[in-house]
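Enquirer: Below is the sequence, then the predicted model.
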Amino acid sequence: GQQLNQSPQSMFIQEGEDVSMNCTSSSIFNTWLWYKQDPGEGPVLLIALYKAGELTSNGRLTAQFGITRKDSFLNISASIPSDVGIYFCAGRYNNAGNMLTFGGGTRLMVKP
Amino acid sequence: GAVVSQHPSWVICKSGTSVKIECRSLDFQATTMFWYRQFPKQSLMLMATSNEGSKATYEQGVEKDKFLINHASLTLSTLTVTSAHPEDSSFYICSARETHYEQYFGPGTRLTVT
């Protein structure tokens, strides 16, 4: 089945730094979504992308739908402590019904 | 908008008993609801998809007789873990989707089976 490779698996951030993470797929998607999950909570939708090449921002977050439809990236600018958490990419191919395929997640942590 | 609630947020039960988890869409009609399971430090694993009024579609490897899903209305779905065992301990998360909109997730339910 389809698989999403998300990288990096984890990273440390220092307040003020920019952060970048990405997802790649073995097959194409028609929709890319980015979610954030805090400990003990459900994922919260951050950004939705519906068109190849689309670049969308939500505050300090920017995400792009890759031209090949097999990848997406998420950037966080000027990170703050509350950015800590796990970020998941998810893709959907229309013929797969409503189902999402999730990446393995990127865990953001604060540098000690 | 697009708020999904789950109840309970955590539950501890004895091995062999059954546990019911409720998922509600509070401000929209959920034509489709999804149930996921998440182990520590892992991604979400889809267990089943249900459309209102229809039987749930289970993912490969998920026992439908063990994980009973009911989606009786456009705002409520329930997951019942029957004859729970310690290996069923996990974080269960539901999500709901209105036609033409994205999935919104509930806050999750942590199940511990002793």
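Expert: That came through, no problem.
Enquirer: Any chance of the backbone angles for the residue found closest to B:Asp65 once you drop the neighbours it is linked to in the chain?
Expert: Once flanking residues are discounted, B:Asp65 sits nearest to B:Thr82: 7.2 Å by Cβ to Cβ, 6 or more residues apart in numbering or on different chains. In this view, the C-beta of every residue, glycine as well, is placed from N, C-alpha and C. Backbone torsions of B:Thr82, given as degrees, to the nearest 10, read phi -90, psi 150.
Enquirer: and B:Leu68, what does it touch?
Expert: Applying Cβ atoms under 8 Å, 6 or more residues apart in numbering or on different chains, one finds that B:Leu68 lies in contact with B:78-80, B:82.
Enquirer: which of these are buried?
Expert: Using 16 or more other Cβ atoms under 10 Å in any protein chain shown as the burial test, those include B:78-79 as buried.
Enquirer: Pipe the contacts of B:Leu68 into JSON lines and attach secondary structure and pLDDT per row.
Expert: Shown next, in JSON lines, are those (DSSP: H, G, I helix; E, B strand; the rest coil; pLDDT from 0 to 100):
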{"residue": "B:Thr78", "secondary structure": "strand", "pLDDT": "96"}
{"residue": "B:Leu79", "secondary structure": "strand", "pLDDT": "97"}
{"residue": "B:Thr80", "secondary structure": "strand", "pLDDT": "97"}
{"residue": "B:Thr82", "secondary structure": "coil", "pLDDT": "97"}
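Enquirer: Which one of the contacts of B:Leu68 is nearest to chain A?
Expert: Among those, B:Leu79 lies closest to chain A (Cβ to the nearest Cβ), at 14.0 Å.
Enquirer: wait, that closest one sits on B:Trp35?
Expert: Yes: with contact defined as Cβ atoms under 8 Å, B:Leu79 counts as touching B:Trp35 (5.2 Å).
Enquirer: Can you work out which residues contact both of those two?
Expert: B:23, B:47, B:67, B:69, B:92, B:94.
Enquirer: Identify the farthest-apart pair in the residues you listed.
Expert: Maximum pairwise distance among the shared contacts of B:Leu79 and B:Trp35 (Cβ to Cβ): 13.2 Å, between B:Cys23 and B:Phe67.
Enquirer: And these two? Which one has more around it.
Expert: Remark: of B:Cys23 and B:Phe67, B:Cys23 carries more neighbours, 28 against 19, as counted by other Cβ atoms under 10 Å in any protein chain shown.
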